[in-house]
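Q: Compute the structure for the input listed below.
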Amino acid sequence: MVTLREQMEGFRDFDPGRVERNGQSYAETLEYSTQKLEGLVARYRALDQINQTARLLRDDIDEALRRYHDYVIAGRIVAHYRQKGCRTKKGNVFEHVIPLRTVRNMLIQGIITINQALNAPTCVINKRNNNLLAKHKRTKHTPNAWWFWQRYDVLNIEIETFDGVPVDMSVWDFGEHCKYFNIA
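A: Have a look, this model is predicted:
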């Protein structure tokens, strides 16, 4: 019988290689993330009580959403929206316009779909404006998830889509977001 020591001394690490970011890798990430979230949400909803297991499941849901947003959204288009003049993440803040905990809780309650949660609005803003959101206690809260731009009413900024289309924050709601980004 081989001992643990012999197994560890005989171990040879390997390099799994890098995956090229492309349409196929994004599609695979969507499929994987969707399946993972389906399982996590089902497990959460099946709990008899809100306990540490519930907390761990919420953390796992957050991580799955965050990983998708970082890999697919930030990797492909930087963010759905950007403060005018903020074209990249470098030196700026990638921000969930509807705070991630709100997205997660709406997903758990069945208010939004997994696809809507995976594609919840993200925005790149400068650090100064991110600090203003914090000052007004809006980093983890929003006045209204449907009218998600209300969260930015403490900022004096112009917003545009990732491809440069100006956004009228007084009329652009979650429905418009889903329509523009073809989110079912």
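Q: who's in contact with the nearest residue to Ile112 once chain neighbours are set aside?
A: Of all residues not flanking Ile112 in the chain, Met106 sits nearest, at 4.7 Å (CB to CB, 6 or more residues apart in numbering). Just so you know, the C-beta spots here come from the backbone N, C-alpha and C atoms, and that holds for glycine as well. By CB atoms under 8 Å, 6 or more residues apart in numbering, the contact list for Met106 reads 112, 117, 145.
Q: what helix or strand is Met106 on?
A: For Met106, the element it lies in under DSSP states H and E is helix 100-108.
Q: Check which element follows that helix along the chain.
A: With elements assigned by DSSP H and E, the helix or strand that comes after helix 100-108 is helix 114-118.
Q: any idea of the mean pLDDT for that following helix?
A: The average pLDDT within helix 114-118 is 98.
Q: Tabulate the contacts of Met106 in JSON lines, adding columns for neighbour count.
A: Formatted as JSON lines, the contacts of Met106 follow (neighbours: other CB atoms under 10 Å):
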{"residue": "Ile112", "neighbour count": "23"}
{"residue": "Ala117", "neighbour count": "26"}
{"residue": "Ala145", "neighbour count": "21"}
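Q: which one of those residues is nearest Asp15?
A: Set against Asp15, the nearest of these by CB to CB is Ala117 (33.3 Å).
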